[in-house]
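1. kindly return the folded structure for what I paste below:
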Amino acid sequence: MNRILGIDPGSRTTGYGVIEMMGNEFRYIESGALRIRGETLPERLHAIFDSVSEVLDRCQPTDFAIENVFMHRNADSALKLGQARGAAICSVANRDIKVYEYTPAEIKQSVVGKGNAAKPQVQMMVRALLNLKTNPQADEADALACAICHGNRAGGMERLGSLVSGRSGGRWR
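-> Model prediction:
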(Lines give C-alpha, C1' and ligand atoms only; values in the text may rest on other atoms or scores of the structure.)
Protein backbone atom coordinates (compact mmCIF):
# COMPACT_ATOMS: atom_id res chain seq x y z
CA MET A 1 0.00 0.00 0.00
CA ASN A 2 1.30 3.43 -0.96
CA ARG A 3 0.17 6.63 0.70
CA ILE A 4 0.78 9.49 -1.71
CA LEU A 5 0.91 13.21 -0.94
CA GLY A 6 0.30 15.33 -4.03
CA ILE A 7 1.14 19.04 -4.03
CA ASP A 8 -0.05 21.82 -6.32
CA PRO A 9 2.43 24.54 -5.33
CA GLY A 10 1.71 28.24 -5.15
CA SER A 11 3.20 31.18 -3.27
CA ARG A 12 -0.24 32.29 -2.00
CA THR A 13 -2.22 29.03 -2.02
CA THR A 14 -0.71 25.55 -2.06
CA GLY A 15 -3.08 22.68 -2.66
CA TYR A 16 -2.43 19.29 -1.12
CA GLY A 17 -4.10 15.91 -1.40
CA VAL A 18 -3.40 12.58 0.27
CA ILE A 19 -4.59 9.27 -1.15
CA GLU A 20 -3.82 5.62 -0.56
CA MET A 21 -3.35 3.18 -3.38
CA MET A 22 -3.93 -0.52 -2.94
CA GLY A 23 -3.60 -2.40 -6.21
CA ASN A 24 -5.66 -0.43 -8.72
CA GLU A 25 -7.87 1.20 -6.08
CA PHE A 26 -7.53 4.74 -4.77
CA ARG A 27 -8.78 5.79 -1.34
CA TYR A 28 -9.16 9.43 -0.35
CA ILE A 29 -7.47 10.38 2.93
CA GLU A 30 -7.58 14.19 3.08
CA SER A 31 -6.98 17.33 1.08
CA GLY A 32 -6.97 21.06 1.50
CA ALA A 33 -5.69 24.40 0.35
CA LEU A 34 -2.93 25.87 2.48
CA ARG A 35 -3.51 29.63 2.58
CA ILE A 36 0.00 31.04 2.78
CA ARG A 37 0.43 34.09 4.96
CA GLY A 38 3.36 36.48 4.92
CA GLU A 39 4.19 39.85 3.46
CA THR A 40 7.50 38.89 1.89
CA LEU A 41 8.36 35.93 -0.31
CA PRO A 42 10.79 34.50 2.28
CA GLU A 43 8.00 34.58 4.90
CA ARG A 44 5.64 32.78 2.52
CA LEU A 45 8.27 30.16 1.62
CA HIS A 46 8.82 29.50 5.31
CA ALA A 47 5.06 29.13 5.76
CA ILE A 48 4.90 26.63 2.86
CA PHE A 49 7.73 24.60 4.41
CA ASP A 50 6.01 24.56 7.82
CA SER A 51 2.53 23.82 6.43
CA VAL A 52 3.71 20.94 4.24
CA SER A 53 5.73 19.60 7.20
CA GLU A 54 2.54 19.53 9.29
CA VAL A 55 0.74 17.55 6.57
CA LEU A 56 3.69 15.14 6.39
CA ASP A 57 3.61 14.65 10.17
CA ARG A 58 -0.13 14.07 10.21
CA CYS A 59 -0.52 11.87 7.12
CA GLN A 60 2.78 9.95 6.96
CA PRO A 61 2.97 9.53 3.16
CA THR A 62 5.30 7.01 1.54
CA ASP A 63 5.51 8.96 -1.75
CA PHE A 64 5.51 12.65 -2.61
CA ALA A 65 4.33 13.92 -6.02
CA ILE A 66 4.54 17.54 -7.09
CA GLU A 67 3.66 19.51 -10.19
CA ASN A 68 6.61 20.76 -12.26
CA VAL A 69 7.08 24.43 -13.04
CA PHE A 70 5.90 25.53 -16.44
CA MET A 71 6.56 28.81 -18.21
CA HIS A 72 3.36 30.42 -19.39
CA ARG A 73 3.55 34.17 -19.88
CA ASN A 74 5.13 35.66 -16.79
CA ALA A 75 8.72 34.74 -15.89
CA ASP A 76 8.36 36.31 -12.42
CA SER A 77 5.38 34.06 -11.64
CA ALA A 78 7.31 31.00 -12.83
CA LEU A 79 10.24 31.91 -10.57
CA LYS A 80 7.97 32.32 -7.55
CA LEU A 81 6.27 29.02 -8.35
CA GLY A 82 9.68 27.35 -8.56
CA GLN A 83 10.61 28.73 -5.15
CA ALA A 84 7.30 27.52 -3.67
CA ARG A 85 8.02 24.05 -5.11
CA GLY A 86 11.49 24.17 -3.56
CA ALA A 87 10.09 24.98 -0.12
CA ALA A 88 7.64 22.06 -0.36
CA ILE A 89 10.32 19.68 -1.63
CA CYS A 90 12.71 20.71 1.15
CA SER A 91 10.08 19.76 3.71
CA VAL A 92 10.38 16.11 2.57
CA ALA A 93 14.13 16.10 1.89
CA ASN A 94 15.13 14.69 5.30
CA ARG A 95 12.21 12.30 5.71
CA ASP A 96 13.34 9.49 3.40
CA ILE A 97 10.38 10.11 1.08
CA LYS A 98 11.11 9.97 -2.63
CA VAL A 99 10.02 12.97 -4.70
CA TYR A 100 8.28 12.47 -8.05
CA GLU A 101 7.65 15.34 -10.46
CA TYR A 102 5.00 15.54 -13.19
CA THR A 103 4.12 18.19 -15.75
CA PRO A 104 0.64 19.71 -15.70
CA ALA A 105 -0.09 17.95 -19.03
CA GLU A 106 0.99 14.55 -17.63
CA ILE A 107 -1.26 15.03 -14.61
CA LYS A 108 -4.29 16.06 -16.69
CA GLN A 109 -3.68 13.23 -19.17
CA SER A 110 -3.54 10.70 -16.34
CA VAL A 111 -6.78 11.87 -14.73
CA VAL A 112 -8.94 13.24 -17.55
CA GLY A 113 -7.45 11.56 -20.61
CA LYS A 114 -6.22 14.71 -22.31
CA GLY A 115 -3.31 16.96 -21.41
CA ASN A 116 -5.13 20.24 -22.03
CA ALA A 117 -8.15 19.58 -19.79
CA ALA A 118 -9.81 22.52 -18.07
CA LYS A 119 -9.89 22.84 -14.28
CA PRO A 120 -13.60 21.90 -14.00
CA GLN A 121 -12.88 18.67 -15.89
CA VAL A 122 -10.05 17.82 -13.48
CA GLN A 123 -12.30 18.56 -10.51
CA MET A 124 -15.09 16.36 -11.88
CA MET A 125 -12.78 13.42 -12.64
CA VAL A 126 -11.02 13.62 -9.26
CA ARG A 127 -14.44 13.56 -7.63
CA ALA A 128 -15.43 10.49 -9.65
CA LEU A 129 -12.13 8.61 -9.19
CA LEU A 130 -12.11 9.14 -5.41
CA ASN A 131 -15.89 8.79 -4.90
CA LEU A 132 -16.18 12.23 -3.30
CA LYS A 133 -19.60 13.77 -2.61
CA THR A 134 -18.67 17.15 -4.10
CA ASN A 135 -16.05 18.55 -6.42
CA PRO A 136 -12.92 19.52 -4.50
CA GLN A 137 -11.75 23.14 -4.67
CA ALA A 138 -9.45 23.74 -7.69
CA ASP A 139 -6.12 23.70 -5.81
CA GLU A 140 -7.14 20.56 -3.90
CA ALA A 141 -8.30 18.87 -7.11
CA ASP A 142 -4.99 19.65 -8.82
CA ALA A 143 -3.03 18.22 -5.86
CA LEU A 144 -5.22 15.10 -5.71
CA ALA A 145 -4.82 14.72 -9.49
CA CYS A 146 -1.05 14.89 -9.03
CA ALA A 147 -1.25 12.10 -6.42
CA ILE A 148 -3.50 10.03 -8.70
CA CYS A 149 -1.09 10.56 -11.60
CA HIS A 150 1.74 9.22 -9.48
CA GLY A 151 -0.38 6.31 -8.32
CA ASN A 152 -1.19 5.43 -11.93
CA ARG A 153 2.46 5.68 -12.96
CA ALA A 154 3.82 3.82 -9.91
CA GLY A 155 1.13 1.15 -10.16
CA GLY A 156 1.82 0.67 -13.84
CA MET A 157 5.54 0.31 -13.24
CA GLU A 158 4.90 -2.12 -10.37
CA ARG A 159 2.62 -4.24 -12.60
CA LEU A 160 5.18 -4.12 -15.42
CA GLY A 161 7.95 -5.16 -13.03
CA SER A 162 5.97 -8.14 -11.80
CA LEU A 163 5.29 -9.25 -15.39
CA VAL A 164 8.97 -8.99 -16.30
CA SER A 165 10.12 -10.87 -13.20
CA GLY A 166 7.33 -13.44 -13.49
CA ARG A 167 5.96 -12.66 -10.00
CA SER A 168 2.36 -12.18 -11.18
CA GLY A 169 0.85 -15.37 -12.57
CA GLY A 170 1.33 -14.10 -16.10
CA ARG A 171 4.32 -14.47 -18.32
CA TRP A 172 5.95 -12.02 -20.62
CA ARG A 173 7.66 -13.58 -23.60
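
2. and whichever helix or strand residue 29 is part of, which strands flank it?
-> Element membership for residue 29 (DSSP states H and E) is strand 25-35. Sheet partners assigned to strand 25-35 using DSSP bridges are listed as strand 13-22 (antiparallel).

3. show me the shaky parts of the protein.
-> 71-72, 155-173 (pLDDT under 70).

4. ok so, going back, roughly how far is the strand holding residue 29 from the heart of the chain?
-> Put simply, strand 25-35 sits 10 Å off its chain's centre (Cα atoms, centre = their mean, to the nearest Å).

5. now tell me what touches that strand from outside.
-> The contact list for strand 25-35 (Cβ atoms under 8 Å, 6 or more residues apart in numbering) reads 3, 12-21, 47-48, 51-52, 55, 59, 129-132, 136-137, 139-140, 143-144, 148, 151. For the C-beta atoms, the positions are set from N, CA and C on the backbone; glycine is no exception.

6. can you list contacts of the helix or strand that that strand is followed by?
-> Remark: after strand 25-35, the chain's next helix or strand is helix 41-59, criterion DSSP H and E. For helix 41-59, contacts defined as Cβ under 8 Å, 6+ apart pick out 3, 5, 7, 9, 11-12, 14, 16, 18, 29-30, 34, 36-38, 80, 83-84, 86-88, 90-92, 95, 97.

7. helices of the protein, start to end?
-> 41-59, 75-93, 104-112, 119-129, 138-165 (DSSP state H).

8. need the buried ones from the contacts of helix 41-59 selected in PyMOL.
-> Here is the PyMOL selection string for the buried members of these, based on 16 or more other Cβ atoms under 10 Å:
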select buried, resi 3+5+7+9+11+14+16+18+29+34+36+80+83+84+86+87+88+91+92+97
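
9. turn the helices of the chain into a markdown table, columns for distance to residue 69.
-> Converted to a markdown table, these look like this (distance: least, Cβ to Cβ, whole Å):
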| stretch | distance to residue 69 |
| --- | --- |
| helix 41-59 | 14 |
| helix 75-93 | 5 |
| helix 104-112 | 10 |
| helix 119-129 | 18 |
| helix 138-165 | 13 |
